[in-house]
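> Return a 3D structure for these sequence lines:
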Amino acid sequence: MLGLRSIAAKIFGTTNDRKVSKYKGRVAEINALEDQLSRLSDADLKARTAEFRQQLANGADLDSLLVPAFATVREAAKRTLGQRHFDVQLIGGMVLNEGSISEMKTGEGKTLVSTLPVYLNALEGKGVHVVTVNDYLARRDAAWMGEIYSFLGMKTGVIVHGLNDTQRRQMYACDITYATNNELGFDYLRDNMKYHLEEMVQRGHHFAIVDEVDSILVDEARTPLIISGPVDDKSDLYNAIDKYIPELAPEDYELDEKQRSCTLTEKGNEHLEQVLGGAGLLKGSNLYDAENVTVVHHVQQALRAHKLFQRDKDYIVHDNQVVIIDEFTGRMMPGRRYSEGLHQALEAKEHAQIQPENVTLASITFQNYFRLYRKLAGMTGTASTEADEFMDIYKLEVLDIPTNLPVARKDEDDEVYRTAREKYAAIIETIKESSGRGQPSLVGTTSIEKSEVLSGLLKAAGVPHNVLNARYHEQEAEIIAQAGVPGAVTIATNMAGRGTDIKLGGNLEMRVAAELKDLPQGTERDRRTAAIKAEIEANKQKVLAPAVSSSSALNATKAVASTISCAAAPAARAIPASRASICRSRTISCASSVPSAWTRCCRNSASRKAKPSSIPGSTRRSRKPSKKSRRATSTSARTFSSSTTS
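This is a model prediction of the structure:
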């Protein structure tokens, strides 16, 4: 049966192929308008927005405006960003407009794709929300894609942490609003706690496009957003009990790290009853008497805080506050707090200011929030594994959009090591070889603990490197900007949703901002900028010169490794990492004998005939593991090296 199915797919195409092919007719119609629109002046092109809105007011529907609207956005993108939507990107935009999920490979330009349906649906004047995973991407995309919208006469807003209600109301009133899923959800909760309609900031839920849709709508679907209020201050009790926990001996408690639990033994109970009774904190002589239930609760949380939670691993202390660290991404999560007094126990442990405990006032999950939208769409690089869940929960269909040019990567078999020690030795040896060849390498881990393990091994091996995790949050942009220089080795926690381009040779904008920040505009600044640009270009050519590029994804937990060989031009973006958190090790080798036009499948150009050399080579940080793979119990470290010498 499987053989017949495969034969049928080759003859008639897969179900996905047949669904995608139905959009090709409209793609041809859009392409037919390109010459006509290219002859319009900027003012005439902008005036088309008012024309479209008038047609809607006269009774036309959005579907009838799709072809001219998409063609208008493409022309505006060429004039503002110097980027032209490829045909496959037009298809991706049509899929989004229909309220489905566009699955597009890393580097295929999902951010640019979103401008097509966003503009079309914003013509109705009811507001369109573009949802990103962090404030950085919200700001970046709003400023970047906002050039297109502004050129066409539309207003773009962005919701980030720290805005007051008046500012938020203004942002939501814009035609297009970029925001994180957290900000949208909390604004909804706060609106539902307002007493007057005019105090609300959101104006409805018309159309939303969710970036990294699998992460937000599946991985975090049941994550509750909670608004809470303070209760009675018990900081003195937390501090009083915290003093006695460090005095406990190992035999006074039982620790179960797998279940994340810690309980007192009989000896520990007796010890605490004695010291707490002497301090006047117990009523009676028995710790477990009914009147001491509050004390028992505080003891248990203090015990967990001291014995289960480690500073700089589970949390960090920043500005006299205990900030939780996401165990998968290694990012700080300001504003999020542990419940049931655990966060207060951690604050007492670190002698930070103890914030009052809270009681829940309002709550909603991401799943329930995004189902409020009249039309919902999403885009990601990996949604097929969750296609059934998207359909069952959100009635969202997943379509795999083909790449602009065929992918030339070849996946080889895994290499299995007997022990973790042997695997780590192979990781370090591979990194040393890459660094010695002047090959920039990026090592991705899924926890800060794994980053520190690899960092220690690299230090012992004498390999210079940078570590990127929550402890160095403020230096993140600078570290990332220089991760593409020859021989650089960068260790980073999980790269999910970073959306950051690592440019081979270095990042011009970041270097100019850092090195010339005190130099005023003028001839000298221009000279220095030109020198930095020349140095970066020389570094880039040094990386690319051998005409062989390699990329490694190395495991940090289990003894599994794979070797992947790929034929792609060295200036292309990095091959996307597998989203598997099952422990694999990869080596990707790219041969320059393949036509260098490969780069154009990853990066847009105003001209389809643009020479590859005019397109800056970059390596895009890949996304996180798929849901299926995340079910594995292990974590992984991946290294991506941009190029090697022969």
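> Can you list phi and psi of Lys126 for me?
phi -100, psi 0 (degrees, to the nearest 10).
> Skipping its backbone neighbours, what lies nearest Thr222 in space?
Let me fix one detail, which is that residue 222 is Arg and not Thr. In space, and not counting its chain neighbours, Arg222 is closest to Thr365: 5.4 Å by CB to CB, 6 or more residues apart in numbering. All C-beta atoms are positioned from the backbone trio N, CA, C, and that covers glycine.
> ok, longest helix in the chain?
helix 523-544 (DSSP state H).
> how about it: buried residues?
Within helix 523-544, the residues that count as buried by 16 or more other CB atoms under 10 Å are Thr529, Ile532, Ile536, Asn539, Lys540, Lys542, Val543, Leu544.
> For Pro486, see how far away the fifth one is.
What that stands for is Lys540. 9 Å (CB to CB, to the nearest Å).
> so where's the stretch 151-300 of the chain shaky on pLDDT?
232-233 (pLDDT under 70).
> which residue ranges form the helices in it?
For the stretch 151-300 of the chain, helices defined by DSSP state H, counting those that start in this stretch occupy the ranges 165-172, 181-191, 213-214, 235-242, 266-278, 293-307.
> Just put these in a markdown table and tack on distance to Tyr338 and mean neighbour count.
A markdown table is the format used below for those (distance: least, CB to CB, whole Å; neighbours: other CB atoms under 10 Å):
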| stretch | distance to Tyr338 | mean neighbour count |
| --- | --- | --- |
| helix 165-172 | 27 | 16 |
| helix 181-191 | 17 | 21 |
| helix 213-214 | 26 | 28 |
| helix 235-242 | 13 | 18 |
| helix 266-278 | 22 | 16 |
| helix 293-307 | 9 | 20 |
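> now these in TSV, with distance to Gly127?
As requested, these are exported to TSV (distance: least, CB to CB, whole Å):
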stretch	distance to Gly127
helix 165-172	7
helix 181-191	12
helix 213-214	19
helix 235-242	43
helix 266-278	57
helix 293-307	43
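> low-confidence ranges in this protein?
In the chain, residues with pLDDT under 70: 1-13, 232-233, 328-330, 408-412, 469-478, 494-501, 546-646.
> Could I get the full set of strands for the stretch 51-200 of the chain?
101-103, 128-132, 156-159, 176-180 (DSSP state E, counting those that start in this stretch).
> Provide the contact partners of the first one at residue level.
I take that to be strand 101-103. 92-93, 95-96, 110, 113, 213, 377-384, 390, 396-401 (CB atoms under 8 Å, 6 or more residues apart in numbering).
> Then the third one?
Surrounding strand 156-159, the residues in contact under the criterion CB under 8 Å, 6+ apart are 138-139, 142-143, 145-146, 149-150, 168, 170-180, 183-184, 187.
> Please apply the same query to the second one.
Contacts to strand 128-132, defined as CB under 8 Å, 6+ apart, come from residues 114, 118, 121-122, 138, 141, 175-181, 184, 205-212, 216, 373, 497, 499.
> Are any of these buried, and if so which?
Using 16+ other CB under 10 Å, the buried members of the contacts of strand 128-132 are 114, 118, 121-122, 138, 141, 175-181, 184, 205-212, 216, 373, 497, 499.
> what are the ranges of the strands in the stretch 301-450 of the chain?
Going by DSSP E, counting those that start in this stretch, the stretch 301-450 of the chain shows strands at 315-318, 321-324, 358-365, 375-380, 398-400, 409-416, 441-445.
> most neighbours per residue, which of the ones you listed?
strand 441-445 (a mean of 28; mean count of other CB atoms under 10 Å).
> Okay, now the sheet partners of that one, with direction.
strand 489-493 (parallel), strand 637-641 (antiparallel) (DSSP bridges).
> what comes up buried for stretch 413-426?
By 16+ other CB under 10 Å, the buried positions in stretch 413-426 come out as Glu415, Tyr417, Lys423, Tyr424, Ala426.
> which of the residues you listed lies closest to Val322?
Tyr424 (31.7 Å; CB to CB).
> ok, now how distant is that closest one from Ala460?
11 Å.
> Tell me how many other residues crowd Gln344.
29 (other CB atoms under 10 Å).
> Actually, Glu257.
Neighbour count of Glu257, defined by other CB under 10 Å: 9.
> likewise Glu251?
11.
> Could you find the closest non-adjacent residue to it?
Lys267 (5.8 Å).
> Tell me if I'm right that that neighbour and Leu248 touch.
No - judged on CB atoms under 8 Å, Lys267 makes no contact with Leu248 at a distance of 9.4 Å.
> so what's in contact with these two at the same time?
Joint contacts of Lys267 and Leu248 (CB under 8 Å, 6+ apart) do not exist.
> what's the overlap in contacts for Lys540 and Pro486?
Gly505.
> still on that earlier bit, helices and strands around the longest helix of the chain, which ones?
helix 508-515 (3 or more CB pairs under 8 Å, 6 or more residues apart in numbering; DSSP states H and E).
> The helix it packs on packs against which elements?
helix 476-481, helix 523-544.
> Now for His206: which residues touch it?
Contacts of His206 (CB under 8 Å, 6+ apart): Asn121, Glu124, Lys126, Gly127, Val128, Tyr373, Arg374, Lys375.
> Mind putting those into JSON lines with distance to Val512?
Below are those laid out as JSON lines (distance: CB to CB, whole Å):
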{"residue": "Asn121", "distance to Val512": "38"}
{"residue": "Glu124", "distance to Val512": "41"}
{"residue": "Lys126", "distance to Val512": "41"}
{"residue": "Gly127", "distance to Val512": "37"}
{"residue": "Val128", "distance to Val512": "34"}
{"residue": "Tyr373", "distance to Val512": "41"}
{"residue": "Arg374", "distance to Val512": "45"}
{"residue": "Lys375", "distance to Val512": "42"}
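> Name the nearest of those residues relative to Thr15.
Lys375 (23.3 Å).
> Quick check, the closest one in contact with Ser100.
No - when contacts are counted by CB under 8 Å, Lys375 is not listed as touching Ser100 (10.2 Å).
> sorry, back to before: would you check which pair of the buried residues of stretch 413-426 lies furthest apart?
Glu415 and Tyr424 (13.9 Å).
> That'll do, ta.
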